[in-house]
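Peer 1: The sequence and its predicted three-dimensional model are supplied below.
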Amino acid sequence: MSAIQRVSVHGGHSGQFCHHAKDSLSEVVAAYIAAGFTWVGITEHMPPAEDAWRYPDEADANLSAALLQRRFRDYFTECRQLRDLHRGQIELFACFETETYPGSSQVVRQLLEATKPDYIVGSVHHVGGIGIDINRELYAAARDKAGGLAALYCDYFDAQLATLQDLEPAVVGHFDLIRIFDPDYLDTLKLPAVWQRVQRNLDFVARAGLILDFNMRGFDKTAEQYPSRPVLEAALERGIAVVPGDDSHGVSSVGRNYDRGVALLAELGHDCQWQRPRLYRW
C-alpha cells in the first residue's frame, strides 16, 4: 500500500469553519502534509441561505446564517493562502460541499459565482427538509414524513439525482448516506424501488463522468464505507471513477481508515490510480 498515492477528494472540514468539526484549517492541512498526502480537496460545507437551514448545533450556538456566510467567504481566503504557503508540499483545492433542500441549487450558483471554487462535492443531507445524518430522532422524523423507510430511501435518491442533473458536481459525496441509521440497509437497498434508483443514479454518474467519493468516514458511522459494497461493485462495473475521501473533521480524522479502504478497493480490482476531479475554469 505504501506505493499508492494518498489523496482525498472530499476532505478537510475544520473547526475554524465548521461547527461540528475540530482544529484550525492550518492544523488540518499540516496533518495532511505530515501524513504524506499528495493532493486534497478542502470541502467545507456551504453556508445556509437563511437561519431555518442551519444545523441544530449552529442554531444552539446562536450562529446566524449571515455570520456563517461571512465565515464561508473567510474560509476561501484562508484556504487559498494555505494553498500558496504549502505549494510544493501538497496540492490543495479550495472547494465546498453542497446541501440539497428547496432553493439550494440557486444558492449554490450564487456561491459559485462569489467564491469560484476549484470544484464542488454534491451531497444530500436533507430529505423532506429534515437532516438525515444528524441523529436517530431526526432520521426517524424524516422516515415518518416520507411514509416509511423505503420511501425515505427513494426520496433521497430522487433528490440526489435532481442535484446531480442540476449542478453536475465534479464529485458525488457519500453516495448512500441515507443508510446511516438503518441497521438493515443491505436489505433496504435490495428493495426493487430503491435499487432501481441506485442504478439510475449510478448510470447518470457514469454518463456525466463524475467521481464517486469513496468516503471512509463511513467506517466510523456504520459497518462500512460509503458507498456500501453492493453499490461500490455496481459503480466499478460501470467504470465510474472511485476516489478516496477521508471526509476529515479535524486532525484526528485526517487519513483515518485510509489503508483499510484502499485494501478493499484493491481487492475489488481497482488499480488505485486516482482520477483527479474536473476543475472549473473561471
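Peer 2: Now that the structure is in, tell me what you want to look at.

Peer 1: ok, the most centrally placed residue in the chain - contacts?
Peer 2: By Cα atoms, centre = their mean, the chain has its centre lying nearest to residue 173, at 3.3 Å. For residue 173, the residues meeting the contact criterion (Cβ atoms under 8 Å, 6 or more residues apart in numbering) are 10, 43, 97-98, 121-124, 213, 215, 245. Any C-beta I mention is one placed from the backbone N, CA and C, and that applies to glycine too.

Peer 1: Just the strands from the stretch 101-250 of the chain, written as ranges.
Peer 2: Taking DSSP state E, counting those that start in this stretch as the criterion, the stretch 101-250 of the chain contains strands spanning 120-122, 126-127, 130-131, 171-172, 211-215, 241-245.

Peer 1: Test my guess that residue 213 contacts residue 170.
Peer 2: No. Using Cβ atoms under 8 Å, residue 213 is not in contact with residue 170; the gap is 10.2 Å.

Peer 1: Can you give me the distance of residue 266 to residue 164?
Peer 2: Applying Cβ to Cβ, to the nearest Å, one obtains 27 Å for the distance of residue 266 from residue 164.

Peer 1: So for the two, which sits in the more crowded spot?
Peer 2: residue 164 (19 against 13; other Cβ atoms under 10 Å).

Peer 1: That one touches residue 172, doesn't it?
Peer 2: Yes. Taking contacts as Cβ under 8 Å, residue 164 lies within contact range of residue 172: 6.6 Å.

Peer 1: give the contact list for residue 37.
Peer 2: If a contact means Cβ under 8 Å, 6+ apart, then residue 37 has 6-8, 90, 255 as its contacts.

Peer 1: what pairs with it across the strands?
Peer 2: For residue 37, the beta-bridge partners under DSSP bridges are residue 6.

Peer 1: Report all helices and strands that the longest helix along the chain contacts.
Peer 2: Looking only at the chain and at elements set by DSSP state H, the helix with the highest residue count is helix 65-85. Contacts defined by 3 or more Cβ pairs under 8 Å, 6 or more residues apart in numbering; DSSP states H and E place helix 65-85 against helix 25-34, strand 37-45, strand 91-97, helix 104-115.

Peer 1: Repeat the analysis, applying 10 Å as the threshold.
Peer 2: helix 25-34, strand 37-45, helix 56-60, strand 91-97, helix 104-115 (3 or more Cβ pairs under 10 Å, 6 or more residues apart in numbering; DSSP states H and E).

Peer 1: what's around the closest residue to residue 236 other than its chain neighbours, how many residues?
Peer 2: Across the structure, with Cβ to Cβ, 6 or more residues apart in numbering as the measure, the residue nearest residue 236 apart from its sequence neighbours is residue 268 (6.0 Å). One way to gauge burial is a neighbour count; for residue 268, by other Cβ under 10 Å, it gives 13.

Peer 1: Which residues are in contact with residue 268?
Peer 2: Under the criterion of Cβ atoms under 10 Å, 6 or more residues apart in numbering, the contact list for residue 268 reads 229, 232-233, 235-236, 242.
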